[in-house]
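K.L.:
What follows is a predicted structure for the sequence shown.
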Amino acid sequence: SAGHERIEKFEIHVGDVNETITSLTFDGGKVAENAAVGTVVGQASAADPDQNETLKYSLEYDADGRFVIDAATGVITVADAAVLDHEAASSHVVAVKVTDSGGHERVEKFEIQVADVNEAITSLSFTGGKVAEDAAVGTVVGQASATDPDQNESLKYSLDYDADGRFVIDAATGVITVADGAVLDHEANGSHVVAVKVTDSAGHERLEKFEIQVGDVNEAITSLSFTGGKVAENAAAGTVVGQASATDPDQSETLKYSLEYDADGRFVIDAATGVITVADGAVLDHEAASSHVVAVKVTDSAGHERIEKFEIQVGDVNEAITSLSFDGGKVAENAAAGTVVGQASAADPDQNETLKYSLDYDADGRFVIDAATGVITVADGAVLDHETASSHVVAVKVTDSAGHERIEKFEIQVADVNEAITSLS
């Protein structure tokens, strides 16, 4: 009460508590397809506030057994017997779990890119392989076809041996036809062997030998030709494609026409006139096949026959867009302008079609779209607040060069982000 005072200092000890893991990141994340067992893919790395903490890494999901992780270092490598095929899957997701000595756990998902490697040609086969003796130059004999694991691989065909100049091959299609000046005589040689070579863009080669049969022909009918040979895709049944016409030395000869091969039921022929028309139920799609081959047979009253193959061109018609899809569709709240949200992708049957993307509805100015690529990003000044709206809808419109349009609505999720404390009072 008299105002006397005393002051002392005392020490307070702060006890150690095992704290939770604060972060889990991944460095690397790219591996070549067909990579060997043990190939390093990347490394997971966790941060823990506790000094000298022992962390243990494991894979909560290993992409169906494709990857393994070192429990001590977090290094992820290719697993035994793993199948890594860029053409089948260009990336895989793994879920990494890290655990500290206090039992705290953290799980994060990371994407591993599978890089494309130019692989060797796996097979070379031949369909067809029969030609009539005395067949005209350009007559289709058959087609060599190679299989290459690489998507959109450019293959080049050539003949390593052309049966002494009797045959030529189309470098792009592998179609083998009769060469200019070729002598095909069944009585002299009932068959010939050709050696086909196919080469890919990386220089890989494959060589196979195939036998071509030379068929015997009764030579009474002297020629069989074809005029016309062009039809628009999606043409109606009965549309005239062209006319086969045979020449026979016999006066007043009655000739009968038929299709030895009708391009899988796409065409029919009038037996009396040789006029070829589109068959009922025929599918004519320029993008799937810009041409088809038919084999016309003509028979005279004595049973003499002549068969020729003719190509029918399928004209391109600008068709409507068939689909519009969206990949991605998730963005963190408060994401910066330009952050990629996802990508709209349209399918159009027309080859080399120019498509233009736009937003018919942009969620009140929150998003913009790249007209050429369909990539949707966060707009300048956009407000993305998970607590206010956990998702937004956009309406994407795609237009082709003919003015065909397609509009689809897609939902964009706004992911919750733990935000900082804004005030303390």
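P.N.:
Everything's here; your move.
K.L.:
Test my guess that residue 285 contacts residue 322.
P.N.:
No - using CB atoms under 8 Å, residue 285 makes no contact with residue 322, being 11.5 Å away. In short, each C-beta sits where N, CA and C put it, glycine included.
K.L.:
out of the two, which sits in the busier spot?
P.N.:
residue 285 (14 against 11; other CB atoms under 10 Å).
K.L.:
coming back round to it: which residues do residue 285 and residue 322 both contact?
P.N.:
Residues touching both residue 285 and residue 322 by CB atoms under 8 Å, 6 or more residues apart in numbering: residue 349.
K.L.:
contacts for stretch 261-274?
P.N.:
241, 243-246, 255-259, 275-279, 281-284, 292-296, 298, 309, 312.
K.L.:
change it to 6 Å
P.N.:
243-245, 256-257, 259, 276-277, 279, 282, 292, 294-295 (CB atoms under 6 Å, 6 or more residues apart in numbering).
K.L.:
ok, the residues you listed vs residue 175, which is closest?
P.N.:
Checking the contacts of stretch 261-274 against residue 175 with CB to CB, the nearest one is residue 292 at 12.5 Å.
K.L.:
burial measure for that closest one, as a count.
P.N.:
Using other CB under 10 Å, residue 292 has 21 other residues around it.
K.L.:
how about the contacts of stretch 261-274 in JSON lines, adding pLDDT, distance to residue 335 and secondary structure?
P.N.:
Shown next, in JSON lines, are the contacts of stretch 261-274 (pLDDT from 0 to 100; distance: CB to CB, whole Å; DSSP: H, G, I helix; E, B strand; the rest coil):
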{"residue": "243", "pLDDT": "98", "distance to residue 335": "65", "secondary structure": "strand"}
{"residue": "244", "pLDDT": "98", "distance to residue 335": "65", "secondary structure": "strand"}
{"residue": "245", "pLDDT": "98", "distance to residue 335": "69", "secondary structure": "strand"}
{"residue": "256", "pLDDT": "98", "distance to residue 335": "73", "secondary structure": "strand"}
{"residue": "257", "pLDDT": "98", "distance to residue 335": "68", "secondary structure": "strand"}
{"residue": "259", "pLDDT": "98", "distance to residue 335": "62", "secondary structure": "strand"}
{"residue": "276", "pLDDT": "98", "distance to residue 335": "60", "secondary structure": "strand"}
{"residue": "277", "pLDDT": "98", "distance to residue 335": "59", "secondary structure": "strand"}
{"residue": "279", "pLDDT": "98", "distance to residue 335": "56", "secondary structure": "coil"}
{"residue": "282", "pLDDT": "97", "distance to residue 335": "51", "secondary structure": "coil"}
{"residue": "292", "pLDDT": "98", "distance to residue 335": "51", "secondary structure": "strand"}
{"residue": "294", "pLDDT": "98", "distance to residue 335": "58", "secondary structure": "strand"}
{"residue": "295", "pLDDT": "98", "distance to residue 335": "61", "secondary structure": "strand"}
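K.L.:
Contacts only, for residue 54.
P.N.:
Residue 54 makes contact with residue 101, according to CB under 6 Å, 6+ apart.
K.L.:
same thing but at 8 Å, please
P.N.:
Neighbours of residue 54 in contact, by CB under 8 Å, 6+ apart: 100, 101.
K.L.:
Return the per-residue confidence for it.
P.N.:
At residue 54, the model reports a pLDDT of 94.
K.L.:
Please report the distance of it from residue 97.
P.N.:
15 Å (CB to CB, to the nearest Å).
K.L.:
same deal with residue 365?
P.N.:
From residue 365 to residue 97 the distance is 40 Å (CB to CB).
K.L.:
neighbour count winner among these two?
P.N.:
For residue 365 versus residue 97, neighbours defined as other CB under 10 Å are more numerous around residue 97 (18 against 12).
K.L.:
Now do the SS call for the more buried one.
P.N.:
Classification of residue 97 using DSSP: H, G, I helix; E, B strand; the rest coil returns strand.
K.L.:
what's across from it in the sheet?
P.N.:
Beta-bridge pairing of residue 97 under DSSP bridges involves residue 58, residue 107.
K.L.:
Rounded mean pLDDT for stretch 158-175, please.
P.N.:
Mean pLDDT, computed over stretch 158-175, is 98.
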